[in-house]
Each structure stands twice: as structure tokens, then as C-alpha cells.
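**Student:** 3D model of this:
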Amino acid sequence: MAGFCDLHLHSTASDGTDGPGDLAKLCRAAGLDAFALTDHDTTAGLAEAAAAARREKIGFVPGIELSADPDLAGTGVSRGTLHLLGYFIDADSPGLAELTARIHRARERRNPEIVERLDGLGVRISYDEVVSLARSLSPGRDPVVGRPHIAQVLVDKGYVKSIHEAFSRYLGAGGAAHVRRDRLSAAEAIQTLHAAGGLVSMAHPVQLKLADDAALERAVATLRDLGLDAIETRHSDHTPADVRRFDQLAERFGLLTTGGSDYHGSRKSVPLNQQRVSIAVYDRLRRAVDKPSATPSE
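**Tutor:** Numbers count the residues shown, from 1 in each chain. Next comes the predicted model:
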């Protein structure tokens, strides 16, 4: 019987609104047979999510989402973002732990600077408010504080009407309070994820915002040469035409395909299982990393 998976979920360990331990039951209720937790720049929720998946007898992929430098040499200038998804990673990998710690230190330097720029624009929020919000959403753990938390404070205090408006007006590239973070190279991200035993998928390629198909093809070729394993072809930002285009790219370059909702709970209006990704995608990934089934036997 056909089943479905969702390989792109976020929890309160980064910027989602559901706890890692709640996701397995929510995924079961949504008709899923497997899911991946891919929090931004952290593995903090993986153990809790894995334990819940075992209780619910649902397949689980320990994952992470890393932000990398989108300016890949010779591929055309990107106006967007490059995110890389790691699947079936070892959450205790020393190299990955060192990398995420470095990313967190960069966030800690950047976030107060964003708040300072907002203050200069007459937008009066404090960094203490941002940290307090992040901790309230992630009780019992040290939260990864990021721009989504700043955006939520802006919404809560009435400066903007939505998270999207917060990013477009203030926090995103080109926004009035944008601060560029030290960028991780794609090569280092892929190498670190591979060293942690994982596969690497290019997340939501539409968000690279490259000028044309030729530039995107060059980007995929560059990433493939760096060790990219897959492309996320199905995503909530992708149109049916995008899905066909990215499926063709994956086939052309001999890459696996992945897919998911990019679920953040109530932070985004994207439901679990929105993309209806076949369980066969999960099975192919599991075989590719030569792991035994992560789905407990009935």
C-alpha cells in the first residue's frame, strides 16, 4: 500500500512552534509513514524526536538544515539563499557539533546588531524580548535564536502584520535592518554533513533566485561536484512546473530527489504532508546511506 513521508520539518529546537517530541504524533495524524526533523543549524531536538517516532512506530530521519553561501563561483549571481539539508546524520558527530557551535556564535554577534539597526529606524524592541520569546517557545533547552524570533517580536508589538512583512521590510536581504551573517561555504557544509554520515540535499532550489535555468544548472553542477547527493524537488514554494524542472535536473545529474512541506507549525500556513511525497523517496534515501530500516517492526 502506498504511503507518504515529509522530509522537511522544524521544531521549537530552532524556529518551529511544535516540540520535537510532538511531531511524530502529528505526522501520524496527518497520514505520514515517515518524517525528517531538519531544524536550522542544530541537532538539539533529534533525540527527543527519535524517541517519539519509536513510540509512534513511524519512520524517522535525523536531519539538519544548514545555510550556505549562495554565491557559487561561476554559476551566476544569486539574489536568494542556499540551504542544504543533511539526512541520516549522526547527531553526536564532533565535526558537526563544532560547525553548529560556530554558526551559533555568529548568530549571537549578528542578532543584537539587527536590533540596534531597528532601533535606529525607530523600531523599539529589545534583544531581551527576542531571547525571552525564543526561550518561551523552546522550554527546557537552549534555543537557537534567529531572525524568525525577531520577526515575531515585530509582529507582537505591532510594527508589522506578518512574519513575511518583517522579512521583506526589515530582516531579509535588502531589508532596512538586514545584517549579513558570516557565510558557511557549500563545500564545508557538504563535507561536514558527509563526515557525519549523512546525505546532502539542496533545499528549495527556487529560493536561490538565479537569473535563469542555465545559471541554476551551473549551480547544481557545482554542488554535485562538491558532493551533493539530492535535490529537494517538492516543496511548498514550488509550482508543478518547478517540480518537473527540478526532477529533470536531478535525473540529468544523477541525483536523488527529496521533498517536504517545510513545516514550522503555526509560524507558517503550511500543513504537514502538503507535498504528498511518496514513501519510496524515504526508502531510497535509507538505502543510499546503507542503514537498516528506521521504522520499528509492527
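**Student:** from now on I want contacts and neighbour counts done on CA atoms only, so please keep to that.
**Tutor:** Will do.
**Student:** gap between the longest strand along the chain and the chain center?
**Tutor:** Across the chain, the strand with the greatest residue count (assigned by DSSP state E) is strand 59-68. Taking CA atoms, centre = their mean, to the nearest Å, one finds strand 59-68 lying 7 Å from the centre of the chain it belongs to.
**Student:** could I get the helix or strand that residue 190 is a member of in CSV with only the CA atoms?
**Tutor:** Residue 190 belongs to helix 186-195 when elements are defined using DSSP states H and E. What follows is helix 186-195, C-alpha atoms only, in CSV (Å, rounded to 0.1, in the frame of the first residue of the first chain):
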residue,chain,number,x,y,z
ALA,A,186,28.9,25.0,0.5
ALA,A,187,32.0,22.9,0.3
GLU,A,188,32.5,22.9,4.1
ALA,A,189,28.8,22.3,4.7
ILE,A,190,28.7,19.2,2.4
GLN,A,191,32.0,17.9,3.7
THR,A,192,30.8,18.2,7.3
LEU,A,193,27.4,16.5,6.7
HIS,A,194,29.1,13.7,4.8
ALA,A,195,31.6,13.2,7.7
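**Student:** and the residue nearest to residue 238 when sequence neighbours are not counted, what are its phi and psi?
**Tutor:** Spatial nearest neighbour of residue 238, excluding adjacent residues (CA to CA, 6 or more residues apart in numbering): residue 206 at 6.9 Å. In terms of degrees, to the nearest 10, the main-chain angles of residue 206 are phi -60, psi -30.
**Student:** need the contact partners of the longest strand of the chain.
**Tutor:** Applying CA atoms under 8 Å, 6 or more residues apart in numbering, the contact partners of strand 59-68 are 7, 33-43, 46, 50, 53, 81-91, 183-186, 189, 293-296.
**Student:** do stretch 279-287 as well
**Tutor:** Residues contacting stretch 279-287 (CA under 8 Å, 6+ apart): 2-5, 7, 33-34, 88, 199, 256-258, 292-293.
**Student:** in the stretch 101-250 of the chain, which spans are strands?
**Tutor:** Under the criterion DSSP state E, counting those that start in this stretch, the stretch 101-250 of the chain contains strands at 199-202, 230-234.
**Student:** dump these to CSV, plus mean pLDDT and distance to residue 173.
**Tutor:** Shown next, in CSV, are the strands of the stretch 101-250 of the chain (pLDDT from 0 to 100; distance: least, CA to CA, whole Å):
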stretch, mean pLDDT, distance to residue 173
strand 199-202, 98, 20
strand 230-234, 98, 23
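**Student:** JSON lines please, covering those strands and showing distance to residue 252.
**Tutor:** Compiled in JSON lines, those are given as follows (distance: least, CA to CA, whole Å):
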{"stretch": "strand 199-202", "distance to residue 252": "15"}
{"stretch": "strand 230-234", "distance to residue 252": "12"}
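**Student:** how about those in a markdown table, adding mean neighbour count and distance to residue 101?
**Tutor:** Output for the strands of the stretch 101-250 of the chain, formatted as a markdown table (neighbours: other CA atoms under 10 Å; distance: least, CA to CA, whole Å):
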| stretch | mean neighbour count | distance to residue 101 |
| --- | --- | --- |
| strand 199-202 | 26 | 20 |
| strand 230-234 | 27 | 26 |
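**Student:** out of those, which is closest to residue 155?
**Tutor:** With CA to CA as the measure, strand 230-234 is the member of these nearest residue 155 (29.4 Å).
**Student:** Provide the strand pairings for the closest one, with the direction of each partner.
**Tutor:** Using DSSP bridges, the strands paired with strand 230-234 are strand 199-202 (parallel), strand 256-259 (parallel).
**Student:** figure out which of those is closest to residue 97.
**Tutor:** Of the strands paired with strand 230-234, nearest to residue 97 by CA to CA is strand 199-202, at 16.8 Å.
**Student:** pLDDT at the residue nearest to residue 238, what is it?
**Tutor:** Residue 206 carries a pLDDT value of 94.
**Student:** in stretch 245-252, what's buried?
**Tutor:** Neighbour-count burial for stretch 245-252, counted by 16 or more other CA atoms under 10 Å, picks out 246-247, 249-250.
**Student:** can I get stretch 22-33 in PDB, CA atoms only?
**Tutor:** What follows is stretch 22-33, C-alpha atoms only, in PDB (Å, rounded to 0.1, in the frame of the first residue of the first chain):
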ATOM      1  CA  ASP A  22       5.200  16.200  19.400                       C
ATOM      2  CA  LEU A  23       6.000  15.800  15.800                       C
ATOM      3  CA  ALA A  24       5.700  12.000  15.500                       C
ATOM      4  CA  LYS A  25       2.100  12.000  16.700                       C
ATOM      5  CA  LEU A  26       1.200  15.000  14.500                       C
ATOM      6  CA  CYS A  27       2.800  13.200  11.500                       C
ATOM      7  CA  ARG A  28       0.800  10.100  12.200                       C
ATOM      8  CA  ALA A  29      -2.400  12.100  12.400                       C
ATOM      9  CA  ALA A  30      -1.500  13.700   9.000                       C
ATOM     10  CA  GLY A  31      -1.300  10.300   7.400                       C
ATOM     11  CA  LEU A  32       2.500  10.100   7.200                       C
ATOM     12  CA  ASP A  33       4.600   7.000   7.500                       C
END
